[in-house]
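Participant: Sequence first, then the predicted structure:
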Amino acid sequence: MNNPLRVLHLEDSRRDAELIQSTFESEGLDCQVVHVKNREQFEAAVLQQRFDVILSDYSLPHYNGFSALDFVRARDADVPFILVSGTLGEELAVQGLKSGATDYILKERLNRLVPAVQRALQEAVDRAERKRAEERLEAMRRQYELILHSAGEGIYGLDSYGRATFVNPAAANMLGYAVEELIGQPMHSLIHHTKTDGSPFGAEDCPIHGALESTMCRVDNEVFWRKDGKSFPVEYLGTPILNEQGELMGAVVMFRDITERRQLEQQVRQAQKMEAIGQLAGGIAHDFNNILGCIVGYAELAMMDVPNQADVQEHLQEVLNASQRAKELVLQILTFSRRQEKQRKPIKLEPVIKEALKLLHASLPSTIKIRADIQSNAPTVLADATQVHQIVMNLVTNAAHAMNGQGLLTVRLSTMDVDTEAARTHPDLRTGRYVVLSATDTGCGMDQATAQRIFEPFFTTKGPGEGTGLGLAVVHGIMKGHEGAITVSSEPGKGTTFQLLFPANESVATVNLHQPESIPSGHGERVLFVDDEFHLAALGKKMLERAGYRVTIHTNALEALAAFRADPTGYDLLISDLTMPSLTGDDLAGQILRLRPDLPIILATGCSGSMNSARAQALGISELLVKPLTAQSLTQSVVRALGRSMDK
C-alpha cells in the first residue's frame, strides 16, 4: 500500500497494545495505529473514520470482542476484523469466525499477526474486486436483457383455450416454425411435449397454469422443443390476460433462449473450481518439495560415501530414480497451479509440434495414424518451447488412450481472428489474432459430465496404474500461464477435438541453445546459507562443503542478517530460501545488498508464484534456484553466481 495502514486496536492493556505496535514495527509494516480502551472510544472511532483493519481483544471490562464485531459488521461488512486475545478458546474462536470475524490470533503467538493482517487485507481486496466484477456482470446482464427485448424476444399470445393468437418472428425463429404454422396451435403441448391433464395451459404444476391463479409467473430454467425435435433451455415470463370482470381471456408468454448463458455460467464455475484446486495442489507440492529435497540430497551424499559398494550404490540409485519421478510429478502439479516459472519467448510453434510428433511416432502403436496439417507461416507466439512440447505429448498420449490403440489423430496448426462476438463465448478469450493448435481423435469420446472434469488433477478414466490423471490438468495450467484458452468438443462414440488458442505475437522467434552441464567444485569460498528448515540447511552445508566451500548456516533470517552485519566482508556468497516466517529471502537479500552491493546472492524456492527471474534480477539477485536442490544444480548455481561477481 502506498499510504500507511490505518489500524484500529481495541485493547484495555497498555502493555499488550505496545506489544502489538512493536510487532508491526519489527515486521516493517508501515501503519498508523489508533489505540482505544473501551466501548465509547471504540464506537466513536468506528463512526468517525474507516480503518483498513480492526484488531480487538476478546475480554474487556463491560465489553467484549463479539459486541465490537457486531457493531462493526452492522456498519461495514468488508473491513477485516481480527480477534487478538489470550483467553479465547477454540469454541469461542469458531463462534467468532461464524459471526463474521476474519481471523483470531493468540497473544502468545503474535508472530502470526502480520501474516494474518496481510492475508486479511488481500482477502478484502479480492472481495472488493469480486463485488465489482459481479456488479459489472449484473449490469451487463440487465443491458443484455434490454437489448434482447428491444431486438425481439420470443413472444406469443394465447386465447382462453391455450391456442396461439399471435407469435412474433423471434419466437417463430427460435422454435423453428413459420409464424403462420403456429397460429391456432395448442402451444403448451406443441413446445413442452407434456400432457395437459385437460387444461389448455398444462397440468397444475405447469407455471403457466399457476399464473392463472396469480398475476404472473417466471421460470428461469425450462425446456422448449423445436419443430426439428431438438430442445433448448429457456427462461420465460407468463402473464394472464383478464377482462374488466376478472375473467380469463388468455395469456401472454415472453421467452428467450438461455443456452449461451448456461454455457458461460458453467465455464465460470469450472474456472473457479480449477483455481481453488490449483491453489491447494500448489501448496501441497511446495511442502513436498522440501521433503523430496532431503531424500535426493542425502541419497547423493550417501552415494559419494560408498563408491566401492555396488549393492548400496544400486539401491541408492533406485532411491534417486524414484525421487526423480516424484520431482517430475511435483513439477507437473506446480505447472498446473501456475506456480512454476517458465521462460516465455517469441517462438514458432511449427518446429516444436513437429519435433514432438516425431518422438511420438516411435512410441505409439502402428495402428494409430497421425495426420499433421501444420500451417508453415503461422505467426510466432510468446511461449515456453518445453511446455508447448509437453502439451503436444500430453494431448497425443491422451488421444491414443481414447482410441484404444487404433484410429486416426489429426493435429492441425492454424490461425484464427477472434472478434467481440466470439470472445463472449469463452472467459479466457480476448479479441485479436490467435495461433490455434488442435487435436482431433476418432476415439470413444466422452459425455458432458466427464468433459467438465477432465482438467481436474488426478481425475482419470484410465484403469489403475495406467496414468496419474495430471496430463490434461498440466495442459490447462500451461495454457493459463500462456494467457491462452482451451475449447473441448466431444460426444460419446464420436471422438474428441481439443483446440488450444495461443495469442499471436509478431516478434522474431528465438532459438534456445542448451549448454552442457558440468560438476564444478569450489576453492574455499565462504557461503552464508539460510533456510528455516534445519534439515535443508544442514543438507546444503554438507553438499557445498563436499564441493570445497566453507559454509555457515542459519535457520532464522533475522539471526543471519545480524551475523552478516557483524562481519560484512566475512562471506563471498549468500544462499537463502525465499519463503521464511521472520524475514523473506528477497527482503533479506535487499538488506544485505545495502551493506554489500557486490555480494552475489542465490534465492531458492519451491514455487515461484511471487518471484520470477526478471524480478530477481531487478532486485540484484544473481540466481533463482528451484527446489528440490541437487548437488549438481546447487554447485553449478554457486559457480555461476561467483563467476558473475568476479566479472563485474
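Facilitator: Arrived safely, thanks for sending.
Participant: show me where pLDDT drops low in the stretch 401-550 of the chain?
Facilitator: For the stretch 401-550 of the chain, residues meeting the criterion pLDDT under 70 lie at 457-471, 506-519.
Participant: what are the ranges of the helices in it?
Facilitator: 420-423, 448-451, 471-481, 534-546 (DSSP state H, counting those that start in this stretch).
Participant: Using a markdown table, lay out the ones you listed together with mean neighbour count and distance to Ile374.
Facilitator: Every C-beta, even on glycine, is put in place using the N, C-alpha and C of the backbone. Below are the helices of the stretch 401-550 of the chain laid out as a markdown table (neighbours: other CB atoms under 10 Å; distance: least, CB to CB, whole Å):
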| stretch | mean neighbour count | distance to Ile374 |
| --- | --- | --- |
| helix 420-423 | 11 | 23 |
| helix 448-451 | 12 | 26 |
| helix 471-481 | 23 | 19 |
| helix 534-546 | 19 | 45 |
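Participant: Could you dump the ones you listed into CSV with distance to Val84 added?
Facilitator: Below are the helices of the stretch 401-550 of the chain laid out as CSV (distance: least, CB to CB, whole Å):
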stretch, distance to Val84
helix 420-423, 47
helix 448-451, 47
helix 471-481, 38
helix 534-546, 30
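Participant: The ones you listed: which one's closest to Gly65?
Facilitator: Among these, helix 534-546 comes nearest to Gly65, with 36.9 Å by CB to CB.
Participant: how distant is that closest one from the center of its chain?
Facilitator: Centroid displacement of helix 534-546 relative to its chain, using CA atoms, centre = their mean, to the nearest Å, is 34 Å.
Participant: swap in stretch 573-588?
Facilitator: Centroid separation for stretch 573-588 versus its chain: 25 Å, with CA atoms, centre = their mean.
Participant: what does stretch 229-243 give?
Facilitator: 39 Å.
Participant: Same question for that stretch: list its buried residues.
Facilitator: By neighbour count on 16 or more other CB atoms under 10 Å, the buried set for stretch 229-243 is Phe232, Val234, Glu235, Tyr236, Leu237, Gly238, Thr239, Pro240.
Participant: what about the helix or strand containing the first one, average pLDDT?
Facilitator: Right, the one you point to is Phe232. Using DSSP states H and E, Phe232 sits within strand 231-242. For strand 231-242, mean pLDDT rounds to 81.
Participant: which secondary structure elements does the next helix or strand after that strand contact?
Facilitator: Going down the chain from strand 231-242, the next helix or strand is strand 248-257, by DSSP H and E. Applying 3 or more CB pairs under 8 Å, 6 or more residues apart in numbering; DSSP states H and E, one finds that strand 248-257 contacts strand 154-159, helix 169-175, helix 207-211, strand 231-242.
Participant: low-scoring stretches of the stretch 101-250 of the chain, by residue?
Facilitator: 141, 144-152, 193-221.
Participant: quick one: the strands in it?
Facilitator: For the stretch 101-250 of the chain, applying DSSP state E, counting those that start in this stretch gives strands covering 103-106, 154-159, 164-167, 217-225, 231-242, 248-257.
Participant: Out of those, which is closest to Ser363?
Facilitator: Ser363 sits nearest to strand 231-242 of all those, at 43.7 Å, using CB to CB.
Participant: Return the list of strands paired to the closest one, each annotated with direction.
Facilitator: Using DSSP bridges, the strands paired with strand 231-242 are strand 217-225 (antiparallel), strand 248-257 (antiparallel).
Participant: which other residues reach the last one?
Facilitator: Think strand 248-257. Strand 248-257 is contacted from outside by 145, 148, 153-160, 165, 171, 174, 187, 201, 208, 211-212, 222, 224, 232-243, using CB atoms under 8 Å, 6 or more residues apart in numbering.
Participant: Using CSV, write out every CA atom in the strand holding Phe232.
Facilitator: Only the C-alpha atoms of strand 231-242 are listed here, as CSV (Å, rounded to 0.1, in the frame of the first residue of the first chain):
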residue,chain,number,x,y,z
SER,A,231,-34.8,-29.0,-27.3
PHE,A,232,-33.2,-25.9,-25.9
PRO,A,233,-33.3,-24.2,-22.4
VAL,A,234,-35.3,-21.0,-22.0
GLU,A,235,-36.4,-18.6,-19.3
TYR,A,236,-39.9,-17.3,-19.8
LEU,A,237,-42.5,-15.0,-18.3
GLY,A,238,-46.1,-15.8,-18.4
THR,A,239,-48.9,-13.2,-17.6
PRO,A,240,-52.6,-13.9,-17.7
ILE,A,241,-54.9,-11.6,-19.6
LEU,A,242,-58.1,-10.8,-17.7
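Participant: mind putting the strands of the stretch 101-250 of the chain in JSON lines, distance to His523 included?
Facilitator: Shown next, in JSON lines, are these (distance: least, CB to CB, whole Å):
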{"stretch": "strand 103-106", "distance to His523": "49"}
{"stretch": "strand 154-159", "distance to His523": "82"}
{"stretch": "strand 164-167", "distance to His523": "90"}
{"stretch": "strand 217-225", "distance to His523": "74"}
{"stretch": "strand 231-242", "distance to His523": "73"}
{"stretch": "strand 248-257", "distance to His523": "75"}
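Participant: between those, which gets nearest to Leu301?
Facilitator: So among the strands of the stretch 101-250 of the chain, strand 103-106 is nearest, using CB to CB, at 40.1 Å.
Participant: and the closest one, how far out from the chain's middle?
Facilitator: 27 Å.
Participant: Kindly tell me how buried Leu364 is, as a neighbour count.
Facilitator: Neighbour count of Leu364, defined by other CB atoms under 10 Å: 19.
Participant: which residues does it contact?
Facilitator: Contacts for Leu364 (CB under 8 Å, 6+ apart) come out as Ile370, Val396, Ala400.
Participant: mind checking the SS state of the first one?
Facilitator: Secondary structure for Ile370, judged by DSSP: H, G, I helix; E, B strand; the rest coil, is strand.
Participant: Hmm, it is touching Leu360, no?
Facilitator: Yes - Ile370 lies in contact with Leu360 (CB atoms under 8 Å); the separation is 7.1 Å.
Participant: more crowded one of these two?
Facilitator: In terms of neighbours (other CB under 10 Å), Leu360 is the more surrounded of Ile370 and Leu360; the figures are 19 against 16.
Participant: Surely the more buried one is in contact with Asn394?
Facilitator: No - using CB under 8 Å, Leu360 makes no contact with Asn394, being 10.7 Å away.
Participant: related to what we said a few turns ago, pipe the helices and strands packed on strand 248-257 into a markdown table and attach distance to Leu573 per row.
Facilitator: Formatted as a markdown table, the helices and strands packed on strand 248-257 follow (distance: least, CB to CB, whole Å):
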| stretch | distance to Leu573 |
| --- | --- |
| strand 154-159 | 72 |
| helix 169-175 | 71 |
| helix 207-211 | 74 |
| strand 231-242 | 64 |
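Participant: What pLDDT is listed against Leu359?
Facilitator: At Leu359, the model reports a pLDDT of 73.
Participant: Give the buried residues for the helix or strand hosting it.
Facilitator: Assigned by DSSP H and E, Leu359 falls within helix 349-363. Neighbour counts over helix 349-363 (16+ other CB under 10 Å) mark Leu349, Glu350, Val352, Ile353, Ala356, Leu357, Leu360 as buried.
Participant: Now do the shared contacts for Ile370 and Leu360.
Facilitator: Val396.
Participant: where do the strands sit along the stretch 501-648 of the chain?
Facilitator: 526-530, 550-554, 573-577, 601-605, 623-626.
Participant: Return the member of those strands having the minimum mean pLDDT.
Facilitator: Looking at the strands of the stretch 501-648 of the chain, the lowest mean pLDDT belongs to strand 623-626 (a mean of 85).
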